[in-house]
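Q: Here is the input, now give the coordinates:
(one chain, ligands or ions: 2)
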Amino acid sequence: MAREEPPGAPSAFLVGADVGQDHPDPQLLELTELAVSAGLRPAGHSFSRRRPIDPALYLGSGKVAQIREQVLEAQAGCVLFDASLSPVQQRNLEREFGVSVWDRTALILEIFARRARSGEGKLQVELARLRHAATRLVRGWTHLERQQGGIGLRGGPGEKQIELDRRMLEDKIKQLQLRLRKLQRQRSTQRRSRRRGSQLQVSIVGYTNAGKSTLFNALTHARAYAADQLFATLDTTTRRLWLGEGLTAVLSDTVGFIRDLPHSLVEAFKATLDEAVEADLLLHVVDASNPQAEQQIEQVQQVLREIGAEQVPQILIYNKIDMLDGPVPPTRRQVAGRVRASIASFDVSALSGLGLDALRERLGELARDRLLSADVESEARAEVPAEVGASDGSTEAGATAGQVDSVHPV
Ligand SMILES: Nc1nc2c(ncn2[C@@H]2O[C@H](COP(=O)(O)OP(=O)(O)OP(=O)(O)O)[C@@H](O)[C@H]2O)c(=O)[nH]1
Ligand SMILES: [Mg+2]
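A: Ligands and ions are numbered 1, 2, ... in the order given. Next up is the predicted model:
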């Protein structure tokens, strides 16, 4: 995918290795996109086989020496690894290369930090960064302890400082959590008041850059920020979706997923991702033109499992079909067949509008079902004696059952 690199951007040398992962990316296409999204200019790459991973350098020392030459020759200002590095590996590699070394997690955190716009988004990214820093401090600490000979030699010079840093980080993390919790309470009150209605709640999910915001805009005639870059959207945008005959749904566009999404980010963005957990229906947007589409579907499923949204019914949207020469390759459909919550699939081009009418029609049917089931519920509630119906728990449970009933997984 051709990307505009920022003029005068610092250059980065990209490194990856086949370490036995399910889907190695020898061209480092995704890392290239991540680099560009972080404002860096890729200047050469190296991909090799490495099993097992070296605990000190991630790669073998011969390979590291070879990369050092390439980094020098390319005059790269930093080296990016398509992996998670331990603090020790990072430190050693920085020493070897003489420039800063970033792993995938650091890179993704950097992109999120650049993209965060809303107060809540910024707080979430800050929290993720601090949590990440804290895990590295703690791990660095155990490493230091080991170096100093363990028990008996505790209390070396570095330890006090690290302990202080750690406490400072923990305090900061606590403060941020408090501020976030306040914001999140407001958000969940808003969501609950939306839920009280009989409208279908739909969340758009999918791999980053799949075309979620473009679909959101096409369906709602809104102007959410869509761009050919990873993690263009960080904040949740919610709009009413008109489906004809007085039917409406509530549609949310949200943050994209990616392979190995750093855990600290998933944790920090839990509130944003709750939008997906509490939806009646997910529109799972797939970039059908991407050679990695199958893996991306699986990755999205994994994040959905992680946030507890794997049971929410899904419609798979094969997007960007305008970029395909023929029909969607059958292998991509087979992967989707394994998505148990899937209730339907549509081939569309969010950009040209192809296939969107059929999708709208189906959403209209689901919104009508939802409305009907909500009517049945409210009638049922009206028949229940006041003291039983008044309990919050029973009303909520009834509502949930009704919503899921109206959108069956098949
Ligand atoms: N050719 C083609 N391009 C599309 C289509 N849908 C989206 N795009 C392009 O794909 C790129 C990413 O689109 P977005 O809508 O920003 O993707 P997203 O999933 O919201 O991405 P993030 O918010 O970054 O996770 C943009 O350059 C869009 O113009 C489509 O149907 N066809
Ligand atoms: Mg987006």
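Q: Please name the nearest non-neighbouring residue to whatever residue of the stretch 251-400 of the chain ends up closest to ligand 1.
A: Residue of the stretch 251-400 of the chain nearest ligand 1, by C-beta to the nearest ligand atom: Gly256 (2.5 Å). (Each C-beta comes from the backbone N, C-alpha and C, glycine too.) Leaving aside its chain neighbours, Gly256 sits nearest to Thr208 (3.1 Å; criterion: C-beta to C-beta, 6 or more residues apart in numbering).
Q: before we move on, back to that, so the residue of the stretch 251-400 of the chain closest to ligand 1 touches Lys212, yeah?
A: Yes. Between Gly256 and Lys212 there is a contact under C-beta atoms under 8 Å: 6.4 Å.
Q: Show me the helices in the stretch 151-300 of the chain, by range?
A: 157-195, 212-220, 263-268, 270-277, 293-306 (DSSP state H, counting those that start in this stretch).
Q: for ligand 1, what are the nearby residues on the stretch 301-410 of the chain?
A: Asn319, Lys320, Asp322, Met323, Ser349, Ala350, Leu351 (C-beta under 6 Å from any ligand atom).
Q: and which of those is nearest to ligand 2?
A: Nearest to ligand 2 among those is Ala350, at 10.9 Å by C-beta to the ion.
Q: Report the secondary structure element holding that closest one.
A: Ala350 is part of no helix or strand, with elements assigned from DSSP states H and E.
Q: show me the contacts for it.
A: Shown in contact with Ala350 (C-beta atoms under 8 Å, 6 or more residues apart in numbering): Gly211, Thr214, Leu215, Asn217, Ala218, Val285, Asn319, Lys320, Leu356.
Q: can you list the domain ranges for this protein.
A: For the chain, automatic domain parsing gives the domain ranges 11-102, 116-182, 198-369.
Q: export the ones you listed to CSV and tack on mean pLDDT and distance to ligand 2?
A: Formatted as CSV, those follow (pLDDT from 0 to 100; distance: least, C-beta to the ion, whole Å):
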stretch, mean pLDDT, distance to ligand 2
domain 11-102, 93, 12
domain 116-182, 71, 12
domain 198-369, 88, 3
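Q: which of the ones you listed sits most buried?
A: domain 198-369 (a mean of 19; mean count of other C-beta atoms under 10 Å).
Q: what touches both of Gly256 and Lys212?
A: With C-beta under 8 Å, 6+ apart as the test, Gly256 and Lys212 both reach Gly206, Thr233.
Q: and the closest residue to ligand 2 within the stretch 1-150 of the chain, what pLDDT?
A: Closest to ligand 2 within the stretch 1-150 of the chain is Arg115: 9.8 Å, counting by C-beta to the ion. pLDDT for Arg115: 80.
Q: thinking again about what came up before, so the residue nearest to Gly256 sits right up against Asp228, yeah?
A: No. Using C-beta under 8 Å, Thr208 is not in contact with Asp228, being 11.0 Å away.
Q: so Arg49 makes contact with Ala17?
A: Yes. In terms of C-beta under 8 Å, Arg49 counts as a neighbour of Ala17; the distance is 6.7 Å.
Q: What residues does the chain have near ligand 1?
A: 206, 208-214, 226-228, 230-233, 256, 319-320, 322-323, 349-351.
Q: Sort out which of those residues are in strands and list them.
A: Using DSSP state E, the members of the residues of the chain next to ligand 1 that fall within strands are Gly206, Asn319.
Q: so who does Gly206 touch?
A: Gly206 is in contact with Lys212, Gly256, Phe257, Leu283, His284, Val285, Val286, Asp287, Gln296, Val300, Ile317, counting by C-beta under 8 Å, 6+ apart.
Q: go again using 7 Å as the cut-off
A: Counting by C-beta atoms under 7 Å, 6 or more residues apart in numbering, Gly206 touches Lys212, Gly256, Phe257, His284, Val285, Val286, Val300.
Q: how about the nearest residue to Gly308 once chain neighbours are set aside, what does it touch?
A: In this structure, Gly308 finds its nearest non-sequential neighbour in Val277, 5.6 Å apart by C-beta to C-beta, 6+ apart. Counting by C-beta under 7 Å, 6+ apart, Val277 touches Ile307, Gly308, Ala309.
Q: Can I get those residues in CSV including secondary structure and distance to Ala271?
A: Putting the contacts of Val277 into CSV (DSSP: H, G, I helix; E, B strand; the rest coil; distance: C-beta to C-beta, whole Å) gives the following:
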residue, secondary structure, distance to Ala271
Ile307, coil, 11
Gly308, coil, 13
Ala309, coil, 13
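Q: Shouldn't Ser48 be within a strand?
A: Yes. Counting by DSSP: H, G, I helix; E, B strand; the rest coil, Ser48 is located in a strand.
Q: give me the beta-bridge partners of it?
A: Ala17 (DSSP bridges).
Q: from here on, count from 34
A: Will do, 34 is the new start, and the previous item becomes Ser81.
Q: pretty sure it is in contact with Gly95, am I right?
A: No. Applying C-beta atoms under 7 Å, one finds Ser81 not in contact with Gly95, separated by 9.9 Å.
Q: For the residue most central in space within the chain, which residues are in contact?
A: Nearest to the mean C-alpha position of the chain, counting by C-alpha atoms, centre = their mean, stands Phe290 at 2.7 Å. If you count contacts by C-beta under 7 Å, 6+ apart, Phe290 has them with Gly239, Tyr240, Thr241, Gln332, Val333, Val336.
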